[in-house]
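Novice: I need the structure of the sequence given here:
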Amino acid sequence: MSGATASGAESSDGAAASTDRTSSADRAAASTDRTSSADRAVPASRTAPAGGAAPAGGTAPAGRARTLAQVYRRFGASDAADASPLHRRVATALSRSPEALRAIESAPARKRHPAVILAALHDLALAGRAPALAAAYAAEDGDAAADAAVDTLRRMADSVVAVAVRRTPRPGEAGRCAVLYPAVAEAARRAGADAIGLIDVGCSTGLNLTVDRVGIAYGDGRVLGDPSSPVQLTASVVGDRPVPAAALPEVVARVGVDRDPVDVTDAGDVRWLRACLPPDDRERGARLRAELALAAADPPLLLRGDPVEVLPEAFARVPAGALPVVTTTWALSRFPLEDRLRFLHRLDEAAAVRAVAWVSVEGVGVAPSVPTLGDRHASGHSIIGLAVLDGPALRAEAVGRCWSRGRLLSWLADS
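Specialist: Down below sits the predicted model:
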């Protein structure tokens, strides 16, 4: 059933900000179920027209569109300042265009974030529906891109909003494999497993499920994974303990669980993943294409639905005799606390009939039962947690810390 998407139960989603440092795409994804800062700033009853004009009969206070302009101006000056000159120029141009702001304001509140709208514009360019914008992006011409983006919003507002509404910003994932690889290998070693089934919760694009098929070079000289893989990652290492040298055992199942998983074999889904990257970030774009090709060569099984409700089905997809290894990487922060506790209960239920492992990479204090090592919440790094459950008791250990979404790693556990 490779590459298939199965249906599961649905329930309301929750969101909370991750305590690790995040990209604009990550922050936009986390905010899609919350009211945007622009909407919180000014109540709807006090909103002036997008052009700033007062309604008939009186003078209105500064309205939502004016605040939205500030949001886009700030995005261009901060989030995009170093990451993407094109996005900096486009976001600034949108902040100065009343017509563009009116178009953006027609989107639902949670879909007005600059990262969402910029990705929607990029998607239309990649699809050939905004040729002037596509040409400007290809030439990396900031002035032309700014003009084309404003024009696209003016002429194709409905199309831009439709893409924004249908899609969720997707941050890249394969870089997380540098953290996952040693932790998953350690889980298998502790359980004595010679075969594992990977279950990625909140999988988004499912690239975590290729962890055994990438090559990883660590700053301490350790090299893990496949040195011939088209996807080669690097990670710096700090601290006195080396990254464990154990190799992953055979992976016999790959299952992604998400409310809205991305199918790496679907052209529209792949285009959206490309659209979530700045058009002038050639290095990340090339890496993403390699990652997607690797994943598409052996697509995972995708289970769609409330991850907590679907998890039992995911366990059932792992053959008997293989160790199910559940991974969560900056996913639980999007779960309400009640759902995080329900997630632990699902692990307990599965462990009553077979050994189960859980590897978590989450902000400090986000993953229930994983020690915080005395670190403060929102401290700018994440805790790598590991639990091997073989019976009713869940005992999780903090085996490391990481920064910058896995690009910097400190291993703490004895191996």
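Novice: tell me what the host helix or strand of Asp82 is packed against?
Specialist: In this structure, Asp82 is located in helix 79-83 according to DSSP states H and E. For helix 79-83, the packing partners by 3 or more CB pairs under 8 Å, 6 or more residues apart in numbering; DSSP states H and E come out as helix 24-30, helix 85-95, helix 114-126. Where you see a C-beta, it was placed from the backbone N, CA and C, and this is true even at glycine.
Novice: so which of these gets nearest Val366?
Specialist: Counting by CB to CB, Val366 lies closest to helix 24-30 out of the helices and strands packed on helix 79-83; the figure is 12.0 Å.
Novice: sorry, back to before: same list, the helices and strands packed on helix 79-83, but as a markdown table with mean pLDDT please.
Specialist: Shown next, in a markdown table, are the helices and strands packed on helix 79-83 (pLDDT from 0 to 100):
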| stretch | mean pLDDT |
| --- | --- |
| helix 24-30 | 51 |
| helix 85-95 | 97 |
| helix 114-126 | 98 |
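Novice: residue boundaries of the helices in the stretch 151-300 of the chain?
Specialist: Counting by DSSP state H, counting those that start in this stretch, residue ranges of the helices within the stretch 151-300 of the chain are 157-166, 177-191, 267-275, 282-297.
Novice: most packed of these?
Specialist: Looking across the helices of the stretch 151-300 of the chain with neighbours counted as mean count of other CB atoms under 10 Å, the highest average goes to helix 177-191: a mean of 25.
Novice: picking that back up, let's have the helices and strands packed on helix 79-83 in JSON lines, adding distance to Asp260 and mean neighbour count.
Specialist: Conversion of the helices and strands packed on helix 79-83 to JSON lines gives the following (distance: least, CB to CB, whole Å; neighbours: other CB atoms under 10 Å):
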{"stretch": "helix 24-30", "distance to Asp260": "10", "mean neighbour count": "22"}
{"stretch": "helix 85-95", "distance to Asp260": "24", "mean neighbour count": "23"}
{"stretch": "helix 114-126", "distance to Asp260": "14", "mean neighbour count": "26"}
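Novice: To Arg222, which of these lies closest?
Specialist: With distances scored as CB to CB, the stretch of the helices and strands packed on helix 79-83 nearest to Arg222 is helix 24-30 (27.5 Å).
Novice: list the contacts for the closest residue to Val160 other than its chain neighbours?
Specialist: For Val160, ignoring the flanking residues on the chain, the nearest one in space by CB to CB, 6 or more residues apart in numbering is Ala120 at 4.9 Å. For Ala120, the contacting residues are Val160, Val161, Val163, Ala164, Arg167, Ala275, taking CB atoms under 8 Å, 6 or more residues apart in numbering as the criterion.
Novice: got a list of what the third one touches?
Specialist: Neighbour list for Val163: Ala119, Ala120, Asp123, Leu124 [criterion: CB under 8 Å, 6+ apart].
Novice: I'd like the distance from it to Ala125, if you could.
Specialist: With distances taken as CB to CB, to the nearest Å, Val163 is found 11 Å from Ala125.
Novice: Then the last one?
Specialist: Here the distance between Ala275 and Ala125 works out to 8 Å (CB to CB).
Novice: The second one too?
Specialist: Distance of Val161 to Ala125, computed by CB to CB: 16 Å.
Novice: And for the fourth one?
Specialist: Noted for Ala164: a distance of 14 Å to Ala125, by CB to CB.
Novice: Show me which residues of stretch 132-141 are buried.
Specialist: Under the neighbour-count criterion of 16 or more other CB atoms under 10 Å, stretch 132-141 has Leu133, Ala134, Ala136, Tyr137 buried.
Novice: can I assume the last one is in contact with Ala145?
Specialist: Yes: contact between Tyr137 and Ala145 holds when scored by CB atoms under 8 Å: they sit 5.9 Å apart.
Novice: Now for those two: what residues contact both?
Specialist: Leu86, Pro279.
Novice: any idea of the pLDDT on the residue nearest to Ala157 when sequence neighbours are not counted?
Specialist: For Ala157, the nearest residue in space outside its immediate sequence neighbours is Ala103; the separation is 3.7 Å by CB to CB, 6+ apart. According to the per-residue confidence, Ala103 scores 97 in pLDDT.
Novice: Now do the helix or strand hosting Ala103 and helix 114-126, the angle between them.
Specialist: When elements are defined using DSSP H and E, Ala103 is found to belong to helix 98-105. Here helix 98-105 runs at 100 degrees with respect to helix 114-126, directions being taken by axes from the mean of the first three to the mean of the last three CA atoms, to 10 degrees.
Novice: Which positions in helix 98-105 come out as buried?
Specialist: Of the residues in helix 98-105, those with enough neighbours to count as buried (16+ other CB under 10 Å) are Glu99, Ala100, Leu101, Arg102, Ala103, Ile104, Glu105.
Novice: now that helix and helix 157-166, what's the angle there?
Specialist: For helix 98-105 against helix 157-166, the angle between stretch directions is 40 degrees (the same axes, to 10 degrees).
Novice: for helix 98-105, packing partners?
Specialist: In this structure, helix 98-105 makes packing contacts with helix 64-77, helix 85-95, helix 142-155, helix 157-166, judged by 3+ CB pairs under 8 Å, 6+ apart.
Novice: Comparing those by mean pLDDT, which bottoms out?
Specialist: Ranked on mean pLDDT, the bottom entry among the helices and strands packed on helix 98-105 is helix 64-77, at a mean of 85.
Novice: Output the below-cut-off pLDDT ranges for the stretch 101-250 of the chain.
Specialist: 171-175, 204 (pLDDT under 70).
Novice: rerun at 50
Specialist: Using pLDDT under 50 as the threshold, the predicted model of the stretch 101-250 of the chain has no low-confidence range.
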